[in-house]
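J.: requesting a structural model of the entry that follows:
(chains A and B)
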There are 2 protein chains.
Amino acid sequence: MDLQAKELAGQYQNALLYDVIPFWEQHSLDTTHGGYFTCLDRDGSVFDTDKFIWLQARQVWMFSMLYNRLEKRSRWLEIAAHGADFLRQHGRDEHGDWYFSLNRQGQPLVQPYNIFSDCFAAMAFSQYALASGDEKAREIAHQTYLNILQRKQNPKGRYNKAVPGTRSLISLALPMILANLSMELEWMLDASLFNQAIDTCLHEVFGLFLDRERMLLREQVAPDGSFVDCFDGRLINPGHGIEAMWFILDIAERKHDQATIQKAVDVILHTLEISWDAEFAGIFYFMDVQGRPPQQLEWDQKLWWVHMETLVALLKGYRLTSMPECLSWFERVHHYTWNHFPDPECGEWYGYLNRAGEVLLPLKGGKWKGCFHVPRGLYLCMRELEKLAE
Amino acid sequence: MDLQAKELAGQYQNALLYDVIPFWEQHSLDTTHGGYFTCLDRDGSVFDTDKFIWLQARQVWMFSMLYNRLEKRSRWLEIAAHGADFLRQHGRDEHGDWYFSLNRQGQPLVQPYNIFSDCFAAMAFSQYALASGDEKAREIAHQTYLNILQRKQNPKGRYNKAVPGTRSLISLALPMILANLSMELEWMLDASLFNQAIDTCLHEVFGLFLDRERMLLREQVAPDGSFVDCFDGRLINPGHGIEAMWFILDIAERKHDQATIQKAVDVILHTLEISWDAEFAGIFYFMDVQGRPPQQLEWDQKLWWVHMETLVALLKGYRLTSMPECLSWFERVHHYTWNHFPDPECGEWYGYLNRAGEVLLPLKGGKWKGCFHVPRGLYLCMRELEKLAE
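T.: Prediction:
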């Protein structure tokens, strides 16, 4: 198997530095009210001004991370500060929980029903604290992280619509994101807290959510890890499962745990085998593990983040195991991704394709797509490819 | 314009009596735990056993209504009783609010966050009370209706995630369903309460939700009816708007209000003009009134209920106005509907098609599709066509 790693690293770097990041630098700053516009139409024009905390925080993280790890461009730090200041001023309620969304001026629109706002805010302020040396930013990240651990057992709080006692389900999303978040915050965490956190994530992800027979991750299971035969229990979210596996690969690499590395790579490959669309190519968005009709009407669509996270996972998996299956899948997903998502005419990448790979929504950013998965994926693939080229 | 009304009435009646209703009679009864299975795969096999109150109630309504208005078949009354008993026993919390869903045995799964469960329960018990003469059923319908009027200002209660004060929005769905529900319950309501209820619906639907410039119904507006430039404010739900218009046509016909009839028909026709897919035919599921990217990824799909409700609305509109545009649109939507939704091989109708009109999910029933829009639409079209044939 022959990977032109050096040339590919250049391709990912060029897209990052000359296409994707400039698009957000040019179109996303709200110089009147602070923060970022994320609802950007095909050409970068702003089509909605609401500010979603996930996306505000992720963009702070992105520019801080590039500043910290790629190049000390003062413009990148300024852009990160622009979002961090807005978030710090407007993002939290009186308990320190992060809202889900604000209006353009920063007034809260949607309550903190969604703990992932807090997760992305913690990531953002951690990277920003590293970039800026701002002690207050470090404190916000630290306090938010502890707050997440406290809310972990009932993340939706009073907005939880499940009747207690009939059917308890726990969700992969939280241990998965805590794996990545804990690694991000390691520099500021007490070592025992950090070690306990990542061991808990490993235990939960593989001990509770892994379908050992199929080597797939379930999206929701009973608190003891058993399968629940209902829409939520049958749900497979291939992008989530694969993204979770590269978070786990980062932890396993740090712990020099080759068995966990192998298990994570096995899950990545099995997930791709069941979720690759044999007819139109690309990775499905949602599947039912028993082949029942899924609840999600968008199940057959091809989404940007699913493909970006898969590229990252396959390169990490290949570097850590040298398995040729990782490389052949990488080439297949790379080919699909680069042929379908970039928009050479207007810049940046599409997010939403229909099953056939045609553009379903022309937007470059919206309520869920921001300055995050595309540039993070490009950056991480570039780094993996650089290591492979050595 | 030449409508073969008598032949068409036979076509709708045959589908109702020899295809759709038998499918539900055969596959949906849970003889072990009571109530209905609604998650039925293409061939009628049960793929999930959860019981969603919307669909339990709608099936009780459907069989009761057929018994009341079409034929006194004892089997239909038995089937209605089968669901009514289950709902009566398990459907409500201690305040009399209706849960969103139960498990197969009837234990509550999802809290009463959704007031439409109550709306469909009231409809169900009203028709069932008429069919059975059961005084307790009448009381349940009446009490539930009063309860809905009380909860109307804050229908989501503690599950409302909007932060008070920043951006208030009201939703078309509630006044729209109350128009239909009030007509359904007229026989048991105090005349002044009934008249006030339908006048309020008329005032709200046309006074607050109508975009007078475009003659379209907005899905959400500010409490004073003004446009709000955000995802929810820009949303057009063509099926909802058109269904609301036939609810209004029923009220306007009862009040002999020709101006309101004309206005409702104008809205139906304008909605079809903007939501008809010129490339693949069929009616889009969601649109943005400004042509921005909608939030709903399923926006371009073709759904059964949208097309059924449109057929009903166009026939009512044609009978009440004789406008040839109603007839030509009816013929176009009829042609699309009958060519795409029925499944002659396994019976009943598909619910979810992709933009191109191909089957997206093969199910005949699920979390949202049950024994309701297809048979109700077939029955109502049959009745309208019979009147037109006279």
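J.: for the closest residue to A:K255 other than its chain neighbours, grab the count of nearby residues.
T.: Sequence neighbours aside, A:I198 is the residue nearest to A:K255 in space, at 7.9 Å (criterion: CB to CB, 6 or more residues apart in numbering or on different chains). For glycine as for every other residue, the C-beta is placed from the backbone atoms N, C-alpha and C. Residues lying near A:I198 (other CB atoms under 10 Å in any protein chain shown) number 22.
J.: what's the helix or strand where A:I198 lies packed up against?
T.: Assigned by DSSP states H and E, A:I198 falls within helix A:191-208. With contacts taken as 3 or more CB pairs under 8 Å, 6 or more residues apart in numbering or on different chains; DSSP states H and E, helix A:191-208 sits against helix A:173-185, helix A:238-254, helix A:258-275.
J.: isn't A:L210 up against A:L217?
T.: Yes: the pair A:L210 / A:L217 is scored as a contact, 6.1 Å apart, by CB atoms under 8 Å.
J.: okay, these two: which has more neighbours?
T.: A:L217 (26 against 20).
J.: isn't the more buried one up against A:A244?
T.: Yes: counting by CB under 8 Å, A:L217 touches A:A244, with 6.1 Å between them.
J.: overlap in contacts, those two.
T.: Both A:L217 and A:A244 are contacted by A:172, A:205, under the criterion CB atoms under 8 Å, 6 or more residues apart in numbering or on different chains.
J.: which other helices and strands contact the helix or strand hosting A:A124?
T.: If you go by DSSP H and E, A:A124 is part of helix A:115-132. Other helices and strands packing on helix A:115-132, by 3+ CB pairs under 8 Å, 6+ apart, are helix A:53-69, helix A:74-90, helix A:135-151, helix A:173-185.
J.: list the buried residues in it.
T.: A:115-132 (16 or more other CB atoms under 10 Å in any protein chain shown).
J.: what do you get for stretch A:223-235?
T.: A:230-235.
J.: can stretch A:161-179 be said to contact chain B?
T.: Yes: looking at stretch A:161-179 against chain B by CB under 8 Å from any CB of the partner chain, the contacts come from A:161-163, A:166-167.
J.: in helices, which of those fall?
T.: Using DSSP state H, no member of the residues of stretch A:161-179 next to chain B falls in helices.
J.: still on that earlier bit, could you tell me which residues touch both of A:L210 and A:L217?
T.: In contact with both A:L210 and A:L217: A:V267, using CB under 8 Å, 6+ apart.
J.: can I get the helix holding A:I198 in PDB? Just the C-alpha atoms.
T.: This file holds the C-alpha atoms of helix A:191-208, laid out as PDB (Å, rounded to 0.1, in the frame of the first residue of the first chain):
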ATOM      1  CA  ALA A 191      -3.500  14.300  37.900                       C
ATOM      2  CA  SER A 192      -5.700  12.000  39.900                       C
ATOM      3  CA  LEU A 193      -8.800  13.700  38.700                       C
ATOM      4  CA  PHE A 194      -7.500  13.400  35.100                       C
ATOM      5  CA  ASN A 195      -6.600   9.800  35.300                       C
ATOM      6  CA  GLN A 196      -9.900   8.900  36.900                       C
ATOM      7  CA  ALA A 197     -11.800  10.800  34.200                       C
ATOM      8  CA  ILE A 198     -10.100   9.100  31.300                       C
ATOM      9  CA  ASP A 199     -10.300   5.700  32.900                       C
ATOM     10  CA  THR A 200     -14.100   6.300  33.500                       C
ATOM     11  CA  CYS A 201     -14.500   7.200  29.800                       C
ATOM     12  CA  LEU A 202     -12.700   4.100  28.700                       C
ATOM     13  CA  HIS A 203     -14.700   1.900  31.000                       C
ATOM     14  CA  GLU A 204     -18.000   3.500  29.900                       C
ATOM     15  CA  VAL A 205     -17.400   3.600  26.200                       C
ATOM     16  CA  PHE A 206     -16.200   0.000  25.900                       C
ATOM     17  CA  GLY A 207     -17.800  -1.500  29.000                       C
ATOM     18  CA  LEU A 208     -21.300  -0.100  28.400                       C
END
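J.: pull the residues that contact it.
T.: With CB under 8 Å, 6+ apart as the test, helix A:191-208 has contacts from A:149, A:170, A:172, A:175-176, A:178-179, A:182-183, A:185-186, A:189, A:217, A:221, A:223-225, A:244, A:247-248, A:251-252, A:255, A:260, A:263.
J.: give the buried subset of the residues you listed as a ChimeraX selection command.
T.: Buried subset of those, written as a ChimeraX selection, criterion 16+ other CB under 10 Å:
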select /A:170,172,175,176,178,179,182,183,185,186,189,217,221,244,247,248,251,252,260,263
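J.: any idea how far the strand or helix carrying A:R383 is from the chain center?
T.: If you go by DSSP H and E, A:R383 is part of helix A:373-389. How far helix A:373-389 lies from its chain's middle: 15 Å, per CA atoms, centre = their mean, to the nearest Å.
J.: from what I can see A:M176 touches A:F247, true?
T.: Yes: the pair A:M176 / A:F247 is scored as a contact, 6.2 Å apart, by CB under 8 Å.
J.: phi, psi of A:D300?
T.: phi -90, psi 0 (degrees, to the nearest 10).
J.: returning to that earlier point: return the most buried member of the helices and strands packed on helix A:115-132.
T.: Among those, the stretch with the highest mean neighbour count (mean count of other CB atoms under 10 Å in any protein chain shown) is helix A:53-69, at a mean of 25.
J.: remind me what it packs against, helices and strands.
T.: The contact analysis (3+ CB pairs under 8 Å, 6+ apart) places helix A:53-69 against helix A:21-27, helix A:74-90, helix A:115-132, helix A:373-389.
J.: run the last query once more with 6 Å
T.: If you count contacts as 3 or more CB pairs under 6 Å, 6 or more residues apart in numbering or on different chains; DSSP states H and E, helix A:53-69 packs onto helix A:74-90, helix A:115-132.
J.: so which of the ones you listed is nearest B:D343?
T.: Among these, the nearest to B:D343 by CB to CB is helix A:115-132 (39.8 Å).
J.: just to revisit the earlier point, which residues are contacting the helix holding A:A124?
T.: Residues outside helix A:115-132 that contact it (CB atoms under 6 Å, 6 or more residues apart in numbering or on different chains) are A:53-54, A:57-58, A:60-61, A:64-65, A:67-68, A:77, A:80, A:84, A:98, A:100, A:137-138, A:140-141, A:144-145, A:148, A:151, A:155, A:177, A:181, A:184-185.
J.: cool, and stretch A:339-349?
T.: A:19-20, A:23, A:42-43, A:304, A:350, A:353, A:357, A:364, A:374.
J.: likewise for stretch A:46-66?
T.: Contacts of stretch A:46-66 (CB under 6 Å, 6+ apart): A:35-39, A:41, A:76, A:79-80, A:83-84, A:87, A:91, A:98-102, A:104, A:117, A:120-121, A:123-124, A:127-128, A:131, A:367, A:370-372, A:375, B:230, B:292.
J.: try stretch A:24-39
T.: Where contact means CB under 6 Å, 6+ apart, the residues beyond stretch A:24-39 that reach it are A:40, A:44, A:46-48, A:51, A:55-56, A:59, A:83, A:86, A:104-105, A:365-366, A:370-371.
J.: before we move on, which element is A:F47 in?
T.: Assigned by DSSP H and E, A:F47 belongs to strand A:46-48.
J.: list the buried residues of that strand.
T.: Applying 16+ other CB under 10 Å to strand A:46-48 flags A:47-48 as buried.
J.: what parts of the stretch 201-350 of chain A come near chain B?
T.: A:230, A:292-293, A:295, A:297-298 (CB under 6 Å from any CB of the partner chain).
J.: that concludes my questions; thank you for your assistance.
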